[in-house]
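In: Test case, fold it:
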Amino acid sequence: MLDFRIHTFLAVCKYMNYTKAAEALNLTQPAVSQHIRWLEQQYNCSFISL
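Out: Down below sits the predicted model:
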C-alpha cells in the first residue's frame, strides 16, 4: 500500500503546481509542501524544484 503522501507527489507532478495539486486533493498548499518535504527527507533527495 502506498503512503498517502505519494498521491500528493503524483498530483504535483500532474499539475506541475503545488496550489493546483492542493485544490485537486482538497488540501492546503502548506500541507502539500509538507508532504513533499517529508518524502524528500525519507528518500534523501530533492524531488521537485518548481
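
In: Would you map the helices across this structure?
Out: Ranges of helices within the chain are 4-15, 18-25, 29-43, based on DSSP state H.

In: Deepest-packed of these, please.
Out: helix 18-25 (a mean of 18; mean count of other Cβ atoms under 10 Å). For the C-beta atoms, the positions are set from N, CA and C on the backbone; glycine is no exception.

In: That one - what's its average pLDDT?
Out: Averaging pLDDT along helix 18-25 gives 98.

In: Next: stretch 37-50.
Out: 86.

In: So what touches it?
Out: 3, 5, 6, 9, 12, 13, 16, 17, 18, 36 (Cβ atoms under 8 Å, 6 or more residues apart in numbering).

In: From the chain's centroid, how far away is it?
Out: 9 Å (Cα atoms, centre = their mean, to the nearest Å).

In: Also stretch 15-28?
Out: 8 Å.

In: Quote the end-to-end distance of it.
Out: 15 Å (Cα to Cα, to the nearest Å).

In: same deal with stretch 10-30?
Out: End-to-end distance of stretch 10-30: 16 Å, with Cα to Cα as the criterion.

In: list the contacts for residue 33?
Out: The contact partners of residue 33, taken as Cβ under 8 Å, 6+ apart, are residue 18.

In: Do you know the pLDDT at it?
Out: Predicted confidence (pLDDT) for residue 33: 96.

In: What's the separation between it and residue 1?
Out: Noted for residue 33: a distance of 24 Å to residue 1, by Cβ to Cβ, to the nearest Å.

In: Residue 24 now?
Out: For residue 24, the distance to residue 1 - Cβ to Cβ - is 21 Å.

In: What of residue 23?
Out: 25 Å.

In: With residue 12 instead?
Out: Taking Cβ to Cβ, one finds residue 12 at 20 Å from residue 1.

In: check contacts around residue 3.
Out: Residues near residue 3 by Cβ under 8 Å, 6+ apart: residue 39.

In: Begin at 29 from now on, thanks
Out: Happy to do that; since the first residue is 29 now, the last one works out to residue 31.
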